[in-house]
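Participant: Below: sequence and its predicted model.
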Amino acid sequence: MSHAPALLVIAHGSRDPRHAATVHALVGRARTLRPGLRVETAFLDFNTPSVGQALSSLYLSGARDVVALPLLLTRAFHAKSDIPAALAESSARLPGLSVRVADVLGPSPLLLSALERRLAEAGLTPADRATTAVVLASAGSTDPEAIAAIAETAREWRHTGWCAVRPAFASAALPRTEDAVRALRAEGFARVAVAPYVIAPGRLPDRIAAGAAAAGADVVADVLGAAPELARLLLRRYDASATSTPGRRPALTA
């Protein structure tokens, strides 16, 4: 019998049914990669089970050691406030339960690999890299740390050979996707691609796609979704936290 901590993947949740379906597909892929590991899903809002419900279920089944993994690309409000609050509430009412919080998914080279995969699926080839400008379009945040992380990811990605990579945001920060596309066009880039830096479909990803279309982007990639790189990254974050001291966040890896 395995004594490895259970993994609880905590997603944002959405009224859009595509969101939960995509989250479940991604978690299912991670589960397939690690047979024998107990992997469950919870949602902060709109979908069930809630974090409290999922932890209660794990607890009733005998789990006492859990790694909670925020299914988030940056450390913004949900990672800093909502998730710790939900975990603290459950830990207080479930005696003997140990919950470690894994790092958010980004930054990671695996995320850049997933972005590359989605652009390739949208029709770009390695030969297009030197003549294509890319808009890295995220959902957006009011958190300066999250905004800085997106900008840094764009800079890192630019170093892999794209002729330009610019961040854009669907909400809460500027520029918008359509403005970033138009700015790159105005600078003379002949081909502009939009790469959504979001995990699952929903209102804000739809806004990214609409902005890309309105500005005439040449290529619009799909959301990251259940990309195999994301499934591997979930397990990498789990492993880093599962081997750390309970109560302490592990240092970022990969």
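Facilitator: Yep, that arrived. Residues are numbered from 1 along each chain as shown.
Participant: mind listing what's buried in the longest helix anywhere in the chain?
Facilitator: Ranked by number of residues, the top helix in the chain under DSSP state H is helix 17-33. The neighbour-count check on helix 17-33 (16 or more other CB atoms under 10 Å) flags His19, Ala20, Thr22, Val23, His24, Leu26, Val27, Arg29, Ala30, Arg31 as buried. No exception for glycine: its C-beta is placed from N, CA and C like everyone else's.
Participant: So which of these is the closest to Ala139?
Facilitator: His19 (11.7 Å; CB to CB).
Participant: Now do the same contact list for the closest one.
Facilitator: Residues counted as contacts of His19 (CB atoms under 8 Å, 6 or more residues apart in numbering) are Ala11, His12, Gly13, Phe46, Asn47, Ala200, Pro201, Gly202.
Participant: With Arg158 instead?
Facilitator: Contact partners of Arg158, counting by CB under 8 Å, 6+ apart, are Ala164, Val165.
Participant: Which is the succeeding secondary structure element to the longest helix of the chain?
Facilitator: strand 39-43 (DSSP states H and E).
Participant: could you pull out the helices for the protein?
Facilitator: In the chain, the segments counted as helices under DSSP H are 17-33, 51-60, 77, 83-93, 109-121, 144-158, 177-186, 203-214, 228-242.
Participant: Packing partners of the fourth one?
Facilitator: With contacts defined as 3 or more CB pairs under 8 Å, 6 or more residues apart in numbering; DSSP states H and E, helix 83-93 has these neighbours: helix 51-60, strand 65-70, strand 98-101.
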